[in-house]
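Peer 1: Coordinates for the following, if possible.
(one chain, ligands or ions: 2)
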Amino acid sequence: MNEFINFDEISREKWQNLYKTSIPPLTHEELESIRSLNDEISLQDVQDVYLPLVHLLRLYKKNREDMSFSKGLFLQKIVKTPPLIIGISGSVAVGKSTTARLVQLLLSRAFPKLSVELVTTDGFLRTTADLKAQGILDRKGFPESYDMEALIEFLYRVKNGETCELPIYSHEIYDILPDQVQIIDRPDILIVEGINVLQNPQNQMLYISDFYDFSIYVDADEKLIEKWYLERFDSLLKLAKSDEANFYHQFTKMPTDEVVKLAKETWASVNRVNLREYIEPTRNRAEIILHKTEKHYVDKIYLKKF
Ligand SMILES: Nc1ncnc2c1ncn2[C@@H]1O[C@H](COP(=O)(O)OP(=O)(O)OP(=O)(O)O)[C@@H](O)[C@H]1O
Ligand SMILES: CC(C)(CO)[C@@H](O)C(=O)NCCC(=O)O
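Peer 2: Ligands and ions are numbered 1, 2, ... in the order given. The predicted model follows:
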């Protein structure tokens with residue numbers, strides 16, 4: 001059966017015209033904050049793709065609020081609308097965190113009175129010491145390398161209106177930061193970004209998917225994602241050059257061809273396997289799929305029909 005049978009395929013040209021008239025253009029300050037987020041982001045993409053996306057999110061939000069209100073009437077009690085949770089998934093290096101930060105920025109603009117928080121599920125990765133102890137250091141990013149139970153409990157508590165803490169993962173030290181936590185204090189909207197956002201472990205009492213009000217899968221051809229992975233590896237190396245504490249510092253001493261070989265091997269033996277076996281199979285669970293081509297240009301959008 002066609003994987004996309006349950007989706008409407010929408011071309012960029014069609015998508016960009018869906019809500020155009022009702023969206024005010026971005027101000028100079030907003031453009032600047034997007035540039036400082038990632039100066040590679042095309043502002044045309046923001047206007048054509050991401051602003052209509054935020055407009056669609058507005059509809060889902062309204063729908064959730066109406067449902068919550070009606071439930072309250074039925075139960076004859078005051079039910080506070082739970083925070084809206086948006087999941088963003090896709091391969092390593094496909095651009096999830098960039099998309100997530102952009103959506104956060106645009107949602108804060110659309111709802112200036114609401115708090116919009118962002119977390120990455122990498123915070124729930126087991127520490128390097130734990131992974132080593134279990135002999136699965138080379139499985140970082142695979143389902144068994146995450147504490148899914150803790151992630152699900154975190155989402156439950158956020159939905160339940162509680163203030164929560166979560167660990168912070170750092171690409172620089174390639175591990176969980178030992179003495180720091182991120183505090184999530186009852187936001188109105190929470191964006192959850194990570195490769196395992198749409199994965200449902202078998203033995204849990206709660207399903208992670210039950211907590212999302214909307215989900216996005218960022219998609220691209222595998223070869224392109226490899227290219228972005230290698231480019232990002234290179235930028236991480238540049239950042240690490242004069243920082244001995246950085247995990248990538250060790251690679252800055254190696255000849256370039258060896259480093260490229262190592263990055264290619266890591267892609268092929270870890271991240272690509274993970275993409276094929278565990279990430280891409282969750283693609284059609286998303287409410288929307290953003291398909292990117294060269295230079296992160298979004299050419300197609302798939303929106304779930306029902
Ligand atoms: N919309 C975009 N326009 C231009 N460049 C982008 C865009 N999105 C991502 N990139 C670039 O692609 C690379 C990967 O992006 P990002 O770090 O957001 O990926 P990710 O999916 O969050 O990766 P990971 O899972 O490893 O954290 C980065 O070098 C980033 O600068
Ligand atoms: C932390 C993850 C799993 C996801 O963000 C990824 O960036 C990662 O580190 N993967 C392990 C293989 C590698 O070093 O690329």
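Peer 1: Whichever strand in the chain runs longest pairs with which strands?
Peer 2: As assigned by DSSP state E, the longest strand anywhere in the chain is strand 175-185. Using DSSP bridges, strand 175-185 pairs in its sheet with strand 163-170 (antiparallel).
Peer 1: Show the average pLDDT along the strand it pairs with.
Peer 2: The pLDDT scores in strand 163-170 average 97.
Peer 1: Tell me where the stretch 51-200 of the chain has helices.
Peer 2: Remark: helices assigned in the stretch 51-200 of the chain by DSSP state H, counting those that start in this stretch are 51-75, 96-110, 128-133, 148-159.
Peer 1: Now whatever residue of the chain ends up closest to ligand 2: phi and psi?
Peer 2: Per Cβ to the nearest ligand atom, Gly141 is where the chain lies closest to ligand 2, at 3.0 Å. C-beta here means a position set from N, CA and C on the backbone, and glycine is covered the same way. When quoted as degrees, to the nearest 10, the phi and psi of Gly141 stand at phi 100, psi -20.
Peer 1: Could you measure from it over to Glu287?
Peer 2: 23 Å (Cβ to Cβ, to the nearest Å).
Peer 1: Check Asp213 too.
Peer 2: 9 Å.
Peer 1: residues shared between the contacts of the two?
Peer 2: Common neighbours of Asp213 and Glu287, using Cβ atoms under 8 Å, 6 or more residues apart in numbering, are Tyr60.
Peer 1: can you list the residues of the stretch 151-300 of the chain near ligand 1?
Peer 2: 195, 228, 231-232, 235, 296 (Cβ under 6 Å from any ligand atom).
Peer 1: 5 Å instead?
Peer 2: 228, 232, 296 (Cβ under 5 Å from any ligand atom).
Peer 1: coming back round to it: arrange the helices of the stretch 51-200 of the chain in a markdown table, one row each, with mean pLDDT and distance to Glu3 as further columns.
Peer 2: Listed next are those as a markdown table, based on pLDDT from 0 to 100; distance: least, Cβ to Cβ, whole Å:
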| stretch | mean pLDDT | distance to Glu3 |
| --- | --- | --- |
| helix 51-75 | 95 | 21 |
| helix 96-110 | 94 | 20 |
| helix 128-133 | 97 | 32 |
| helix 148-159 | 95 | 24 |
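Peer 1: Could you confirm whether stretch 86-93 reaches ligand 1?
Peer 2: Yes: judged by Cβ under 5 Å from any ligand atom, stretch 86-93 comes into contact with ligand 1 through 92-93.
Peer 1: Just want the most central residue of this structure.
Peer 2: Glu193 (2.6 Å; Cα atoms, centre = their mean).
Peer 1: Spatially, what comes nearest to that one if we skip its sequence neighbours?
Peer 2: Ala100 (3.9 Å; Cβ to Cβ, 6 or more residues apart in numbering).
Peer 1: What is the burial count for that neighbour?
Peer 2: 22 (other Cβ atoms under 10 Å).
Peer 1: Check which residues of the helix or strand hosting Arg35 are buried.
Peer 2: Using DSSP states H and E, Arg35 falls within helix 28-37. By neighbour count on 16 or more other Cβ atoms under 10 Å, the buried set for helix 28-37 is 30, 34.
Peer 1: likewise stretch 149-169?
Peer 2: So stretch 149-169, judged by 16+ other Cβ under 10 Å, has buried residues 151-152, 154-155, 158-159, 164, 166-169.
Peer 1: Export that stretch to CSV, keeping only CA atoms.
Peer 2: This file holds the C-alpha atoms of stretch 149-169, laid out as CSV (Å, rounded to 0.1, in the frame of the first residue of the first chain):
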residue,chain,number,x,y,z
GLU,A,149,9.9,6.0,30.3
ALA,A,150,11.3,9.3,31.6
LEU,A,151,10.4,11.1,28.4
ILE,A,152,6.8,9.9,28.5
GLU,A,153,6.5,10.8,32.2
PHE,A,154,7.9,14.2,31.4
LEU,A,155,5.3,14.8,28.7
TYR,A,156,2.5,13.5,31.0
ARG,A,157,3.6,16.0,33.7
VAL,A,158,3.8,18.9,31.3
LYS,A,159,0.3,18.1,30.0
ASN,A,160,-0.9,17.8,33.5
GLY,A,161,0.2,21.4,34.2
GLU,A,162,3.2,20.6,36.4
THR,A,163,6.6,22.4,36.4
CYS,A,164,9.2,19.9,35.2
GLU,A,165,12.9,19.6,34.8
LEU,A,166,14.8,17.6,32.2
PRO,A,167,18.5,16.8,31.6
ILE,A,168,20.4,18.7,28.9
TYR,A,169,22.4,17.0,26.1
